[in-house]
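Peer 1: no letters, just coordinates:
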């Protein structure tokens with residue numbers, strides 16, 4: 001699973017953390033050098049404080065001296081180097097840890113595969129809070145340290161009062177200069193005393209050398225002051241990067257869930273002057289919520305979260321009634337079907353599928369061109385379907401091989417092309433589908449679909465027979481009816497294949513009417529450029545829908561069932577489609593798959609999950625139904641684990 005990296009292509013937080021680390025390193029170096037400086041000793045600190053106390057100052061608040069009007073920071077090793085040393089060390093460790101955490105990134109899901117959307121945002125909030133605290137502490141401790149060490153750096157002690165904010169006592173300055181005369185060069189931190197042989201800043205003051213005064217004050221503080229300004233600018237930049245952080249997080253969430261939360265934001269340096277361009281931008285910004293509103297209307301969601309199931313079921317019931325009426329009208333009105341148009345549509349669909357394939361599929365040759373007389377059609381068709389049965393046996397062997405190589409197939413699935421951002425399917429997992437496509441292409445070349453009605457009709461019955469046998473659902477009503485029809489055909493000499501074909505078309509429409517409406521809805525959603533409901537699975541859905549429609553055109557319900565099950569599974573990625581999937585499955589179970597309900601009582605369990613508002617259980621029951629219906633149970637179980645639980 002891809003990790004969320006908030007610092008990727010986001011320089012402002014990176015600059016903030018680095019600037020604070022540099023500030024911490026500078027204060028750490030300052031503290032260490034002051035600790036090692038020969039001028040800063042216990043004896044010198046004691047003598048300096050003694051001089052200050054002798055001028056009517058008293059110790060207050062641990063390390064501060066007060067005479068009733070003025071306040072002086074006493075010379076103290078805790079203030080000079082211990083406190084800044086500890087704070088800078090802790091700050092450096094904290095900022096290093098935060099940098100490593102942000103570079104490594106965050107998993108969007110926890111160990112229980114639950115999405116925790118607040119973790120990356122709260123982590124960055126913690127980083128910002130720690131940054132401000134560290135900046136304030138480092139700045140304050142460095143200031144206090146310089147004031148406490150001023151007798152050794154400058155030769156004076158600054159005093160603060162309400163009347164004259166900052167000043168110094170002449171008597172104290174004169175005494176300190178005499179005490180430390182000749183020692184100002186014995187300091188390891190940058191100071192003017194290293195380059196000047198005078199007795200501190202007091203000598204420059206008495207000699208009226210303004211340049212020396214500036215250098216005495218500037219040199220010991222310039223490095224800390226510059227580092228604090230840079231760190232302040234970095235922290236402000238970190239606060240200004242919240243928009244970018246949120247966009248990075250939302251885009252990662254989009255890739256994981258398939259839902260679109262934020263549009264691509266383009267930074268524009270110039271303002272839009274044209275009124276038409278402004279209107280276009282406003283329309284684009286408002287289009288996304290409108291599309292969502294359309295999706296909400298299509299699903300007919302009630303204001304309450306779990307009423308979605310009953311409302312959607314009512315909608316589908318009404319649509320099914322309407323569709324049944326239309327079918328009855330079509331039976332009467334359209335007895336004569338334009339076979340040429342259907343043939344052209346089928347050929348166009350085949351060409352569309354061929355164009356999507358990068359390399360041609362190896363076709364299984366079926367030599368049935370020797371059909372010359374209508375009387376012996378049935379015998380030749382039997383010969384063809386003996387070959388077809390052998391093809392199905394080969395397909396079964398392929399499925400067994402696929403089950404044995406499942407682990408390698410899953411590893412291959414993980415080699416997703418990040419640039420194309422598509423969810424590819426490996427050659428091994430596509431082998432069954434390729435054989436089915438090959439069979440369709442061969443039928444197109446040999447029979448041209450409608451030129452031999454008997455072949456197509458028997459293909460339909462064979463595909464249904466195999467679908468129920470492979471799924472271990474021989475108790476289904478449709479399976480029993482199919483076996484009876486095959487026996488009748490074998491025992492009948494004069495068969496009206498056109499009549500049987502028209503009955504099959506009506507039967508297919510009745511069996512797949514609800515499923516086709518669902519597939520049309522999915523196709524409409526993935527073709528909407530404003531939505532990205534399925535993320536990298538969009539391309540897989542497009543191919544599955546094409547295969548499904550092609551299978552219905554050729555009356556191959558076995559292949560259509562396999563494709564439809566995968567469409568259902570991918571659709572589970574969007575919770576708003578769950579009630580529609582549930583309705584389709586209940587409709588199938590209540591019609592031709594009643595044996596599944598008799599075995600597992602799935603319809604009643606779905607109603608209970610609906611009433612209890614148990615979304616997870618509702619989805620699990622739907623997945624259970626799909627696995628019971630599936631003619632490729634092992635493959636579809638692995639597909640569920642890969643799509644739903646990965």
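Peer 2: Received the coordinates, thanks. The structure presented is a predicted model; accordingly, all values stated were derived computationally and were not measured. Residues are numbered from 1 along each chain as shown.
Peer 1: residue 37 against residue 152, yeah?
Peer 2: Yes. If you go by Cβ atoms under 8 Å, residue 37 and residue 152 touch, sitting 7.4 Å apart. No exception for glycine: its C-beta is placed from N, CA and C like everyone else's.
Peer 1: skipping its backbone neighbours, what lies nearest residue 119 in space?
Peer 2: Leaving out its chain neighbours, the residue that sits closest to residue 119 by Cβ to Cβ, 6 or more residues apart in numbering is residue 106, at 5.7 Å.
Peer 1: need the per-residue pLDDT for that neighbour.
Peer 2: For residue 106, the pLDDT comes out at 75.
Peer 1: and for residue 525?
Peer 2: 88.
Peer 1: can you tell me which residues contact residue 503?
Peer 2: With contact set as Cβ atoms under 8 Å, 6 or more residues apart in numbering, residue 503 has no partners.
Peer 1: who touches stretch 621-636?
Peer 2: Contact partners of stretch 621-636, identified using Cβ under 8 Å, 6+ apart, comprise 399, 402-403, 406, 429, 432, 466-471, 473, 558, 561-562, 565-566, 568-569, 572, 578, 581-582, 585, 588-589, 593, 596, 599-600, 602, 605-606, 609, 637, 640, 644.
Peer 1: among the residues you listed, name the buried ones.
Peer 2: For the contacts of stretch 621-636, a burial check counting by 16 or more other Cβ atoms under 10 Å picks out 399, 402, 406, 429, 432, 466-468, 470-471, 473, 558, 561-562, 565-566, 568-569, 572, 578, 581-582, 585, 588-589, 593, 596, 602, 605-606, 609, 637, 640.
Peer 1: in strands, which of these fall?
Peer 2: Among those, the subset assigned to strands under DSSP state E is empty.
Peer 1: where does pLDDT dip in the stretch 351-500 of the chain?
Peer 2: The stretch 351-500 of the chain contains residues with pLDDT under 70 at 351-452.
Peer 1: and residue 22, how far from residue 140?
Peer 2: Residue 22 sits 18 Å away from residue 140, going by Cβ to Cβ, to the nearest Å.
Peer 1: no, scratch that, I was asking about residue 609
Peer 2: In terms of Cβ to Cβ, residue 609 sits 60 Å off from residue 140.
Peer 1: one more: residue 620?
Peer 2: 58 Å.
Peer 1: next: residue 534.
Peer 2: Residue 534 sits 54 Å away from residue 140, taking Cβ to Cβ as the criterion.
Peer 1: residues touching residue 594, list them.
Peer 2: Taking Cβ under 8 Å, 6+ apart as the test, what residue 594 contacts is 476-477.
Peer 1: quick check: buried residues in the longest helix along the chain?
Peer 2: Using DSSP state H to define each element, the chain has its longest helix at helix 119-153. Across helix 119-153, burial judged by 16+ other Cβ under 10 Å covers 119-121, 124, 127-128, 130-131, 134-135, 137-139, 141-153.
Peer 1: so which elements touch that helix?
Peer 2: helix 11-36, helix 42-53, strand 71-73, helix 83-104, helix 210-240, helix 242-257 (3 or more Cβ pairs under 8 Å, 6 or more residues apart in numbering; DSSP states H and E).
Peer 1: ok, residue 42 touching residue 77?
Peer 2: Yes. If you go by Cβ under 8 Å, residue 42 and residue 77 touch, sitting 7.4 Å apart.
Peer 1: so these two - more neighbours on which side?
Peer 2: residue 77 (17 against 8; other Cβ atoms under 10 Å).
Peer 1: quick check: that one vs residue 49, distance?
Peer 2: 12 Å.
Peer 1: please apply the same query to residue 161.
Peer 2: If you go by Cβ to Cβ, the gap between residue 161 and residue 49 works out to 19 Å.
Peer 1: so these two - more neighbours on which side?
Peer 2: A direct count of neighbours by other Cβ under 10 Å for residue 161 and residue 49 places residue 49 higher, at 20 against 13.
Peer 1: thought residue 65 was touching the more buried one, still the case?
Peer 2: Yes. Residue 49 is within contact range of residue 65, at 7.3 Å (criterion: Cβ under 8 Å).
Peer 1: what touches both of these two?
Peer 2: Joint contacts of residue 49 and residue 65 (Cβ under 8 Å, 6+ apart) are residue 74.
Peer 1: nearest residue to residue 511 in space, please, no chain neighbours.
Peer 2: Excluding its sequence neighbours, the residue lying closest to residue 511 (Cβ to Cβ, 6+ apart) is residue 592, at 6.6 Å.
Peer 1: tell me how many other residues surround that neighbour.
Peer 2: 20.
Peer 1: for it, give me its contacts.
Peer 2: Contacts of residue 592 by Cβ under 8 Å, 6+ apart are 476-478, 511.
Peer 1: could you do residue 51 as well?
Peer 2: 172, 175-176, 179.
Peer 1: neighbour-wise, which of the residues you listed leads?
Peer 2: Using other Cβ under 10 Å as the neighbour test, the contacts of residue 51 are led by residue 176, with 28 neighbours.
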